[in-house]
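In: Generate a structure from the sequence data that follows.
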Amino acid sequence: MPAIEDAIVLLSSKEPDKNKAFGSAFIIAHDNGYSYLLTCAHVIEQINKDSAENKLKILEVEAAVEIVCCGSSNAIDIALLKVSGLLDKPVFKQFALGQSQHDIYVTGYSSFEKRHLKRPLKGKLGKPTKITAGGKEAPFWDVHIFDDELSKLDGGYSGSPVYNQNGQVLAIVSHKRSGDIGHAFCISNLLTLYPEVIQLIPALEQLKNKSELGKIKLALEQRQHELGDIYSPLIIWLEALEDPEADKEAKKFLRVLNSFLADFMSGEDVRDFFTMLLQKQQKQTVKTNAPDYQYLTKRLQNGEIVVCIGADLPAVFDSTFKPSSALPQKIVQLAELDYQDTATPTLSEVCEHAQLHQKCTRFNILSELESLLKLPENYQPDIALYELLSQLQQPFLAIAGGFDTFLEYYLKTCRHKFVSVICNVNAEMERERLIVEYVDENRTESVGNEDFSKLQLMEKGYSIIYYPRGYPNHKQDTALLAERDYFDSSELPNKRYPDYLRNKLTRSGLWFLGYQPESWETRLLAKVLQEQRGKSCDNDKAIVIQENADSFARLFWDYNRCDYYAEVGLKAFADKLKTAIEEKRSSDVK
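Out: Next comes the predicted model:
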C-alpha cells in the first residue's frame, strides 16, 4: 500500500533549462480519470512567469496540467489543478482545522545537487493568525519545524500539505521565514477561493461547518466575561461538535449563541439553555453499565494496558495522604500570597505567583513539595490498585499524573522489577535528556531518545513509571511547576514522551484512574497523553474511572474520546479486578 507521502508530487516547468522554478503539490481527489491537486498560486506564477502559455509540468506525467482555480500571491495563495492520470497515487481525503501546538508533518521538495529531494519534516502548529487577502482576512498559521539538522523548510516546500498523524490536511505551506519557521494558509481558505470544490469533495462540507464554529468560538472569546464559569465547558462542547446539521438540539443552541453574539440574549440566557442541553446529552452518553472486569483483567495481565495514575488516587484509598488540592494551598501559605478568590487556585498559578514573589524562591517551593509528598518512616500504604500492579507477571507502563512516588515505594516493598524515567529538560545535551533510575540495582543513567529505545526495558522485564511532570527534587530540578515551565516551548509536555513510550502507547489500552481534569494543566497532560496514542484513541478507547464526574469532566472526557464510568468508584474498581484475577486463577488450577 503506497504511503500518503506518495500523494505529494513535484511541480515544475516544461522548460527547466529556461525556468528552474519549482514547488510541491498534493492530490486531494480522483474523479473520472483525473487527479485534482492543491499547490500555491505563487508557484504557478513563478513557473509561468513571462509566458502567456501554461508551462506547468508534474514529474513523470506527460499529460497537460490544467488550472481549475488560482488565487494570487497577494491574496489567497492557493491553486487547484487538474491532470489526467496519477490514479495509482494515494489521496489526501481528510481535512481538519488545526490547533495550536499540535504535532504536524510537512512533506515537500527542495533542491539537492541540481536535483530535487522529497523529505518529510516534523513540527508543530504555532499561533493562528489572519492575513489580508483580497480585501478580507484569511486564516493563516505559523509553522514551526522541530526535526534534525538536515530537515528544514526550503523554498520548494511551497504548496506542501501541513497534515497531522491521521493524514488530515490542515494547511498549505506558502512562506518560509527560516529553515525552522514558515507560514501556511489554513485549508478552510480553499472553500472561500473555490466554493464549488464541495461538489468534488463532499467531506469539505464538514470543514465548512467547523469553520463557522471557529468564528463563533473566536467571538465568544471576546465576551467570555459575560459567560462566567460556563465558558470553558462551552468551548469544549463546540470543539467536540462534529456535524451541527445532524444534531437538532445542537443546531438550536447554535442559534442561541448567534442571538447572544448579536446582543439579543444575555449571558444568563446562554447559561440556562446550555445547562438544559447538557442535561439532555448526559442522559444519552453516561456509561451506566459496569465494566467488563474479566476482559479488563485479561488485558492487564497480558501487559496490554497503560495506567495513568492521577494525583488524587492515593487519597482515595488512604485518608493519610493529602489530596492534590492541598499542594497549592500550602504554597500560598509559604509565599504569604494574598488570594481573595474563594476558589482553589491551580498549582501552576500559585507556583508562578510564588516565584515572582520576593519572599519565595523555586528552591523553597521544591523543598516544600518534597516535604508534603514524603511518606512517614516505616509507613505501610494500603492501596489495593498498587498491590494489583505489583503482582502482575508482565511488565507494565504507568504514567504518573502527579509528583508523588507512592507507587515507587510500594513496588520497592514488593521487590517488583521496575525503573523510574524522568525527562530532564535542563540537560545540556540531548543524549542526557532522559534520567533512568534502576531501583533494583540502585543506579541511575542519563540517555537520549534513541538510546532509550535501544535499552528495550519492558522486553527485559522492567516495568516503567514515567513522570511527564518531572520530580520536585531541589537537587535535580525536572518538574513542571510554574506556568512558565509549561509555556516554555522547550518544555512542552508533548516533547517529554520519548519514542519508545509513544510506540507502547499506540499499541496499548489506556486507563485514567484517580485523574481529575480540574485544572488546565491536568487537562493539558491528559490531552497530550491521548495524542501520543494516535489512531488508538478511536480503535481502543481509553477508559476513565471517575465516580460522580461533574458535567465539565464528562464533556472533557467525551471530547478526548474516552469512555468514562460515572457509577464506579476506584475502590470498587480495584476490588472487582482483584476478584476477577482470583477467579481466573481458580479456573486455571481446575
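In: secondary structure class for the closest residue to residue 561 other than its chain neighbours?
Out: Among residues not flanking residue 561 along the chain, residue 537 sits closest, at 4.7 Å (CB to CB, 6 or more residues apart in numbering). Every residue, glycine included, has its C-beta placed from N, CA and C. Put simply, residue 537 is helix when judged by DSSP: H, G, I helix; E, B strand; the rest coil.
In: contacting residues for residue 537?
Out: Applying CB atoms under 8 Å, 6 or more residues apart in numbering, we find residue 537 in contact with 530, 560-561.
In: Also residue 19?
Out: Residue 19 neighbours (CB under 8 Å, 6+ apart): 13, 46-47, 49, 55.
In: again with residue 76
Out: Residue 76 makes contacts with 41, 133-134, 138, 185, 189, 192-193, as judged by CB under 8 Å, 6+ apart.
In: hmm, back to that, restrict the contacts of residue 19 to the buried ones and give me that as a PyMOL selection.
Out: Buried residues within the contacts of residue 19, by 16 or more other CB atoms under 10 Å, are selected in PyMOL with:
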select buried, resi 13+46+47+55
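In: Tell me the one of the contacts of residue 19 nearest residue 218?
Out: residue 46 (33.7 Å; CB to CB).
In: close enough to count as contact, that closest one and residue 21?
Out: Yes. Using CB atoms under 8 Å, residue 46 is in contact with residue 21, at 4.0 Å.
In: How about the contacts made by the residue nearest to residue 551 when sequence neighbours are not counted?
Out: Nearest in space to residue 551, with sequence neighbours left out and distances taken as CB to CB, 6+ apart, is residue 278 at 5.0 Å. When contacts are counted by CB under 8 Å, 6+ apart, residue 278 touches 233, 237, 551, 555.
In: in the stretch 101-250 of the chain, what spans have low per-residue confidence?
Out: Along the stretch 101-250 of the chain, segments meeting pLDDT under 70 span 149-150, 208-211, 242-247.
In: Recalculate using a threshold of 80.
Out: Residue ranges of the stretch 101-250 of the chain with pLDDT under 80: 133-136, 147-152, 177, 179, 203, 205-215, 218, 229, 236, 239-250.
In: quick one: the strands in it?
Out: For the stretch 101-250 of the chain, the strands defined by DSSP state E, counting those that start in this stretch occupy 103-112, 115-133, 136-145, 161-163, 168-176, 181-186.
In: Nearest to residue 333, out of these?
Out: Of all the strands of the stretch 101-250 of the chain, strand 115-133 sits nearest to residue 333, with 36.9 Å by CB to CB.
In: Give the buried residues for the closest one.
Out: By neighbour count on 16+ other CB under 10 Å, the buried set for strand 115-133 is 116, 118-121, 123-126, 128, 131, 133.
In: Dump that strand to PDB, restricted to CA.
Out: The C-alpha coordinates for strand 115-133 follow below in PDB (Å, rounded to 0.1, in the frame of the first residue of the first chain):
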ATOM      1  CA  ARG A 115      18.200  17.600  -8.400                       C
ATOM      2  CA  HIS A 116      15.100  17.600  -6.200                       C
ATOM      3  CA  LEU A 117      14.800  15.800  -2.900                       C
ATOM      4  CA  LYS A 118      11.500  15.000  -1.200                       C
ATOM      5  CA  ARG A 119      11.700  14.900   2.600                       C
ATOM      6  CA  PRO A 120       9.100  14.700   5.400                       C
ATOM      7  CA  LEU A 121       9.500  17.200   8.300                       C
ATOM      8  CA  LYS A 122       8.100  17.100  11.800                       C
ATOM      9  CA  GLY A 123       6.900  20.100  13.700                       C
ATOM     10  CA  LYS A 124       4.100  21.900  15.400                       C
ATOM     11  CA  LEU A 125       1.500  24.400  14.500                       C
ATOM     12  CA  GLY A 126       2.200  27.800  16.000                       C
ATOM     13  CA  LYS A 127      -0.200  30.600  16.500                       C
ATOM     14  CA  PRO A 128      -3.300  31.000  14.400                       C
ATOM     15  CA  THR A 129      -3.200  34.400  12.700                       C
ATOM     16  CA  LYS A 130      -5.000  36.300   9.900                       C
ATOM     17  CA  ILE A 131      -3.500  37.700   6.700                       C
ATOM     18  CA  THR A 132      -5.200  40.200   4.400                       C
ATOM     19  CA  ALA A 133      -6.300  38.600   1.200                       C
END
